[in-house]
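Q: coordinates for the following, if possible.
(one chain, ligands or ions: 1)
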Amino acid sequence: MNFLGFSFGKKGNKASKHKSATSSASSLATNSSGTHGHSSQQYQQHQQQKPLYLSSPQVNNMLVRGNFKTITELPKYVDINEWLAFNTFEFFNHINLFYGTITNFCTSQTCPTMSAGPGVEYTWSDSLSKKVKLPAPQYIDYMTSSLENTLNDESIFPTKAGPDFPRELPSVVKKMFAQMFRLFAHIYHVHYDKVLCLNEEPHFNSLFAHFISFAREFDLLDRKEIQPLNELIDVMSRNGVIC
Ligand SMILES: [Zn+2]
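A: Sure thing, here's the model as predicted:
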């Protein structure tokens with residue numbers, strides 16, 4: 001069975017608004033890395049100002065009570081690769097939808113770099129593996145195109161009966177989760193005021209908690225990668241939302 005057998009949508013029905021950079025986006029195998037460095041001034045500012053996304057009551061605004069354990073665990077009789085593929089597809093569509101709602105506020109003027117809190121600026125690796133700083137909308141455009149190309153690659157995510165998933169699927173999914181995390185981190189750190197204005201925070205928080213719960217269940221995100229949202233993950237874990 002192919003992974004779209006679990007999907008409610010059709011292939012090609014993705015919410016991406018960012019197809020223009022397909023040709024210039026590099027492959028997931030080489031595509032980006034983060035730079036993490038805290039200046040003491042930035043650190044002090046961070047200590048003084050609690051990020052908006054950690055403030056009450058919005059940090060506790062969720063769509064559901066309880067945690068996501070039952071919907072992240074591998075269902076009985078389902079192949080693990082099918083489950084990874086299906087969920088990757090769904091998380092990609094949903095995070096893309098959220099970015100679509102705030103995309104007008106994410107410009108090269110407001111976001112000259114792909115930032116995610118004090119001292120965190122992600123760099124993109126071009127086709128020559130040279131790391132470059134890009135304005136966030138351009139970085140996200142490249143990233144979205146790259147993820148979409150990977151999801152549409154029949155040799156990685158087969159949609160027809162017959163071919164199996166490749167052995168490297170888990171490592172491909174891991175790279176995709178790292179990229180999607182960066183989009184969560186950028187929105188939480190830079191555009192959360194717009195999320196609040198649109199009353200989206202219960203949905204966004206729930207999607208994030210589900211995403212992290214799933215990543216934990218299948219070990220898809222490294223500790224270093226999640227550092228920009230550690231405090232939020234801690235709060236959600238203490239509240240029992242993230243399992
Ligand atoms: Zn932005």
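Q: which non-adjacent residue is nearest the residue positioned nearest the centre of the chain?
A: The centroid of the chain falls nearest to residue 180 when counting by C-alpha atoms, centre = their mean (2.0 Å). Distances taken as C-beta to C-beta, 6 or more residues apart in numbering place residue 95 nearest to residue 180, at 5.5 Å, with adjacent residues excluded. Every C-beta, even on glycine, is put in place using the N, C-alpha and C of the backbone.
Q: can you tell me the SS state at that neighbour?
A: helix (DSSP: H, G, I helix; E, B strand; the rest coil).
Q: quick one: contacts for it?
A: Residues in contact with residue 95, defined by C-beta atoms under 8 Å, 6 or more residues apart in numbering, are 180, 183, 184, 207, 211.
Q: make JSON lines out of those and add secondary structure, distance to residue 222 and pLDDT.
A: Shown next, in JSON lines, are those (DSSP: H, G, I helix; E, B strand; the rest coil; distance: C-beta to C-beta, whole Å; pLDDT from 0 to 100):
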{"residue": "180", "secondary structure": "helix", "distance to residue 222": "14", "pLDDT": "98"}
{"residue": "183", "secondary structure": "helix", "distance to residue 222": "17", "pLDDT": "98"}
{"residue": "184", "secondary structure": "helix", "distance to residue 222": "15", "pLDDT": "98"}
{"residue": "207", "secondary structure": "helix", "distance to residue 222": "20", "pLDDT": "96"}
{"residue": "211", "secondary structure": "helix", "distance to residue 222": "15", "pLDDT": "97"}
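Q: for those residues, which one is nearest the ion?
A: Distance to the ion, by C-beta to the ion, is smallest for residue 183 among the contacts of residue 95, at 9.6 Å.
Q: spell out which residues of the protein are next to the ion.
A: Contact residues, the chain versus the ion (C-beta under 5 Å from the ion): 106, 111, 136, 190.
Q: the last one: neighbour count?
A: Taking other C-beta atoms under 10 Å as the criterion, the count of residues near residue 190 is 19.
Q: ok, now residue 96?
A: 21.
Q: report pLDDT for it.
A: Per-residue confidence at residue 96 stands at 96 (pLDDT).
Q: that one contacts residue 144, correct?
A: Yes. The criterion here is C-beta atoms under 8 Å, and residue 96 meets it with residue 144 at 6.5 Å.
Q: please, which helix or strand holds the residue of the chain positioned farthest from its centre?
A: The outermost residue of the chain, judged against the average C-alpha position, is residue 162 (29.9 Å), by C-alpha atoms, centre = their mean. Counting by DSSP states H and E, residue 162 is held by no secondary-structure element, helix or strand.
Q: need phi/psi at it.
A: Backbone torsions for residue 162, taken as degrees, to the nearest 10, come to phi 130, psi -80.
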